[in-house]
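Asks: predicted model, plus sequence, below.
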Amino acid sequence: MASPAVDRVRAALAKQPRFPLATLPTPLHDAVRLRQALGGPSRCPRILIKRDDLTALGLGGNKARKLEYLVADAKSQGAHTLVTTGAVQSNHARMTAAAACVAGLRCVLVLTTTTATPANAGNLLLDRLYGADVRFVPSVDPMLAVGQDEAVVAEVVAQEQAAGRQAYVIPIGGSSGIGVFGYVGGTAELVDQLSSMGVAPTRLYFASGSRGTQAGLTLGAKLCEAPYRVHGVAVSAGEPEKIERARRIANEAATQLGLPERIDLPELVTDQGFIGEGYGIPTEAGLEAISMVARTEAIVLDPCYTSKAMAALVRHVRTGELTPAQTVVFLHTGGVPAIFTPSFAERYS
Ligand SMILES: Cc1ncc(COP(=O)(O)O)c(C=O)c1O
């Protein structure tokens, strides 16, 4: 049975337009073999993996939850076309293309690329499979290019308008006040699962990029009175703008839900210790995490996001920052198609 706090959140969310896209609830998996590999119950906390890589839409991932609210908003505004941006292997872009198929909308993706001919593999291959119109913005650095794409987005919106179609622009990562609803709902789901299992984890680990997931998880944890502290693991630089963005969109969401709680900067924890050389560049600790989780649980992490978050969890087990009496949750946010790109695949040839 849900707590009164969770019931209040569900009632507030039920008033927001939502277009169903994800298969929910996602499983909460007890990773006993991973725990064993990290020293067993005498050395390692219980690890529960929340399988949001299994949201199903277009090969799954965290963005399905945000897109349910963003697509509903687009449809309520009479939009014909979803437009969004990201790096060439963006999971968010791929899932937006998938959502457009299901919602009967067109999709234009403005993707930044560091090479003239990016490999037609992984997420980019799926973008094309889902019929998206893909436009490239060349850049020397995938993160620097974020922002340079704005002129191309404006051009796309104008072209759509000239063709008699209204475009709905989704910000990078789907990280807006409306997108935040996705992980407020995701938190209600998780808190219900934890209480029916009778466990009270101390921390929730997840990979943090554009910060919409963090804003939703942090607001959700506060509203649902979750037992755990939300521990974001950054996969790219960008402070202090990003923490400010997380606060702003979390509070926009709270306002729109008609709830009085607000998020302050100290509540938005983002561990900067696992980025490595930069966005999209795998780390040794992340690669070790990918192999360990694959070979214990047959669960696939990705080189850009989830591997870095798992590397943080593994480090904290090894340093004793996490103790065996604890339970922790690892939110698997997806990203699996990236392993089918040549640069990753060659590591296992
Ligand atoms: C697999 C995966 N994990 C985590 C994230 C981070 O989510 P957010 O951009 O909401 O911080 C993303 C974002 O693209 C992602 O694709």
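Replies: Received the coordinates, thanks.
Asks: phi, psi for Ile170 please.
Replies: Ile170 adopts backbone torsions of phi -100, psi 120, taken as degrees, to the nearest 10.
Asks: same question for Ile49.
Replies: Torsion angles, degrees, to the nearest 10, at Ile49: phi -100, psi 120.
Asks: give me the number of residues near the nearest residue to it once chain neighbours are set aside?
Replies: Using CB to CB, 6 or more residues apart in numbering and skipping residues adjacent in sequence, the residue nearest Ile49 is His29, 4.5 Å away. In this view, the C-beta of every residue, glycine as well, is placed from N, C-alpha and C. Per other CB atoms under 10 Å, the neighbour tally for His29 reads 17.
Asks: and His29, what pLDDT?
Replies: His29 carries a pLDDT value of 98.
Asks: got the phi and psi for it?
Replies: Per-residue torsions, His29: phi -100, psi 130 (degrees, to the nearest 10).
Asks: ok, it - contacts?
Replies: Leu48, Ile49, Lys50, Arg51, Glu297, Ile299 (CB atoms under 8 Å, 6 or more residues apart in numbering).
Asks: now with 7 Å, please.
Replies: Counting by CB atoms under 7 Å, 6 or more residues apart in numbering, His29 touches Leu48, Ile49, Arg51.
Asks: quick check, nearest of those residues to Val233?
Replies: Ile49 (14.7 Å; CB to CB).
Asks: most neighbours among the contacts of His29, which one is it?
Replies: Ranked by neighbour count (other CB under 10 Å), those have Ile49 at the top, with 25 neighbours.
Asks: neighbouring contacts of stretch 111-123?
Replies: Residues external to stretch 111-123 that are found in contact with it (CB under 7 Å, 6+ apart): 86-91, 93-94, 124, 134, 136-140, 142, 145-146, 149, 337-338, 340-342.
Asks: try it again with 6 Å
Replies: If you take CB atoms under 6 Å, 6 or more residues apart in numbering as the criterion, stretch 111-123 is touched by 87-89, 94, 136-137, 139, 142, 145, 337-338, 340-342.
Asks: thinking again about what came up before, quick check: the residue nearest to Ile49 vs Thr323, distance?
Replies: When distance is defined by CB to CB, to the nearest Å, His29 is 21 Å away from Thr323.
Asks: with Ala100 instead?
Replies: Separation of Ala100 from Thr323 (CB to CB): 46 Å.
Asks: before we move on, what about Arg35?
Replies: Taking CB to CB as the criterion, Arg35 is separated from Thr323 by 13 Å.
Asks: between those two, who's got more neighbours?
Replies: Between Arg35 and Thr323, counting by other CB under 10 Å, Arg35 is the more crowded of the two (20 against 12).
Asks: tell me the mean pLDDT for the helix or strand containing Ala93?
Replies: Using DSSP states H and E, Ala93 falls within helix 91-103. In this model, helix 91-103 carries a mean pLDDT of 98.
Asks: do the same with stretch 152-162
Replies: Averaged across stretch 152-162, the pLDDT comes to 97.
Asks: and the protein, which of its residues are near the ligand?
Replies: Contact residues, the chain versus the ligand (CB under 6 Å from any ligand atom): 61-62, 91-92, 173, 175, 207-214, 302, 305-306, 333-335.
Asks: which among those end up buried?
Replies: Burial by neighbour count, judged by 16 or more other CB atoms under 10 Å, picks out 61-62, 91-92, 173, 175, 207-214, 302, 305-306, 333-335 from those.
Asks: for Asp7, see how far away Arg46 is.
Replies: Distance check for Arg46 against Asp7: by CB to CB, it reads 27 Å.
Asks: who's more crowded, those two?
Replies: A direct count of neighbours by other CB under 10 Å for Arg46 and Asp7 places Arg46 higher, at 17 against 13.
Asks: grab the most central residue of this structure for me.
Replies: Centroid-nearest residue in the chain, with CA atoms, centre = their mean: Asn62, separated by 4.1 Å.
Asks: what residues does the nearest residue to that one once chain neighbours are set aside make contact with?
Replies: Spatially, and ignoring its direct neighbours in sequence, Asn62 is nearest to Thr333 (3.9 Å; CB to CB, 6+ apart). Residues in contact with Thr333 (CB under 6 Å, 6+ apart) are Asp52, Asn62, Ala207, Thr306.
Asks: nice, that's everything, thank you.
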